[in-house]
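*Asks:* Sequence first, predicted model second:
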Amino acid sequence: MKLKLAWDYHRPRRAITIRLVVGAWLILLTVILLADGYWGWALLTGAGAVANFGLAWLAYRRISA
């Protein structure tokens, strides 16, 4: 029986690109929320952006090793 892995294991370059685009969008959304004074929501979207960039970096390290 073959184990099915996560989608980003099968297409790592596409997953990295998607994570970077989503991270950039979340950074933009964080800046907009901070400008309007929504600090709580900005913290959540900023954390999501950091998580996406971190996962993209880990995936890049996995394919470049």
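*Replies:* Thanks, I have the structure now.

*Asks:* From G37, how far out is the residue nearest to the spatial centre of the chain?
*Replies:* When CA atoms, centre = their mean is applied to the chain, the residue found nearest the centroid is N52 (1.7 Å). Remark: distance between N52 and G37 (CB to CB, to the nearest Å) = 24 Å. Using the backbone N, CA and C atoms, a C-beta is placed for each residue, glycine as well.

*Asks:* likewise T45?
*Replies:* Counting by CB to CB, the gap from T45 to G37 is 14 Å.

*Asks:* Comparing those two, which residue is more hemmed in?
*Replies:* Between T45 and G37, counting by other CB atoms under 10 Å, T45 is the more crowded of the two (21 against 8).

*Asks:* in the host helix or strand of the more buried one, what counts as buried?
*Replies:* Assigned by DSSP states H and E, T45 falls within helix 39-64. Residues 42, 45-46, 48-49, 52-53, 55-56, 59-60 are the ones in helix 39-64 that count as buried (16 or more other CB atoms under 10 Å).

*Asks:* Mind giving me the packing neighbours of that helix?
*Replies:* In terms of contacts (3 or more CB pairs under 8 Å, 6 or more residues apart in numbering; DSSP states H and E), helix 39-64 is packed against helix 12-36.

*Asks:* Next, the angle helix 39-64 makes with the helix it packs on.
*Replies:* 160 degrees (axes from the mean of the first three to the mean of the last three CA atoms, to 10 degrees).

*Asks:* just use 407 as the starting number from now, easier for me
*Replies:* Noted, 407 is the first residue going forward, which turns the last one into helix 418-442.

*Asks:* Any idea how far helix 418-442 is from the middle of the chain?
*Replies:* 7 Å (CA atoms, centre = their mean, to the nearest Å).

*Asks:* Mind listing what's buried along that helix?
*Replies:* 418, 421-422, 425, 428-429, 432-433, 435-436, 439.

*Asks:* okay, the spatially closest residue to L432 that is not a sequence neighbour: pLDDT?
*Replies:* In space, and not counting its chain neighbours, L432 is closest to A455: 3.7 Å by CB to CB, 6 or more residues apart in numbering. Confidence at A455, expressed as pLDDT, is 97.
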